[in-house]
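Student: How does the following fold in three dimensions:
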Amino acid sequence: MPRNPANQFIDYRESSPEDPSSRHDTGIPGLVAGMQVISDKYGSVPMADLLQPAIDLAEEGFEVNESLSSRLEAAQPRISSMRLHFFILMVMPLNQAKPLSRKKTC
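Tutor: Numbering: from 1, shown residues only. Just a heads-up that it's a prediction; the model follows:
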């Protein structure tokens, strides 16, 4: 945290290259870049170490339990209405016998 008492603000919201109201533009998530700025400025743990647990989960997968499966199934109409078809393709159908992994996104 800052050594001085002044409040600090780091804006790492998504950014859009053109008109943010256009359906053709996509926001670029700024979370990882923002966390990198915070880590560089205030952190003591390297970013690679901070991101490794998420990378491990994406590569190795994690157990799909009944709760996750049923919640995603219940959310499917909302996901469809938001045009998040890529998300549905990523997670549907869920197989509770196999770990869910996303090696291609690592």
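
Student: just checking, what packs against the longest helix along the chain?
Tutor: When the chain is parsed with DSSP state H, its longest helix is helix 66-81. With contacts taken as 3 or more C-beta pairs under 8 Å, 6 or more residues apart in numbering; DSSP states H and E, helix 66-81 sits against helix 85-91. Glycine gets a C-beta too; all of them are placed from N, C-alpha and C.

Student: And Lys41, how close does it get to Ala33?
Tutor: 13 Å (C-beta to C-beta, to the nearest Å).

Student: One more: Pro46?
Tutor: On the measure of C-beta to C-beta, Pro46 and Ala33 end up 16 Å apart.

Student: Next: Ala54.
Tutor: 15 Å.

Student: With Ala48 instead?
Tutor: 15 Å.

Student: Between those two, which has more neighbouring residues?
Tutor: Just comparing Ala48 and Ala33: by other C-beta atoms under 10 Å the higher neighbour count belongs to Ala33, 12 against 8.

Student: How is this protein divided into domains?
Tutor: 10-16+25-62, 63-95 (automatic domain parsing).

Student: give me the low-pLDDT residue ranges for the chain?
Tutor: The model of the chain has pLDDT under 70 over residues 1-5, 16-28, 79-97, 101-106.

Student: quick one, helices of it?
Tutor: 31-42, 47-60, 66-81, 85-91.

Student: Can you report how many residues lie near Met35?
Tutor: 16.

Student: Pretty sure Tyr12 is one of the things it touches, is it not?
Tutor: Yes. Proximity of Met35 to Tyr12 meets the contact threshold set by C-beta atoms under 8 Å, at 7.3 Å.

Student: Contact partners for Val45?
Tutor: Residues in contact with Val45 (C-beta atoms under 8 Å, 6 or more residues apart in numbering) are Ser39.

Student: Tyr42: how many residues sit nearby?
Tutor: The number of residues packed around Tyr42, counting by other C-beta under 10 Å, is 12.

Student: Understood, closing this out.
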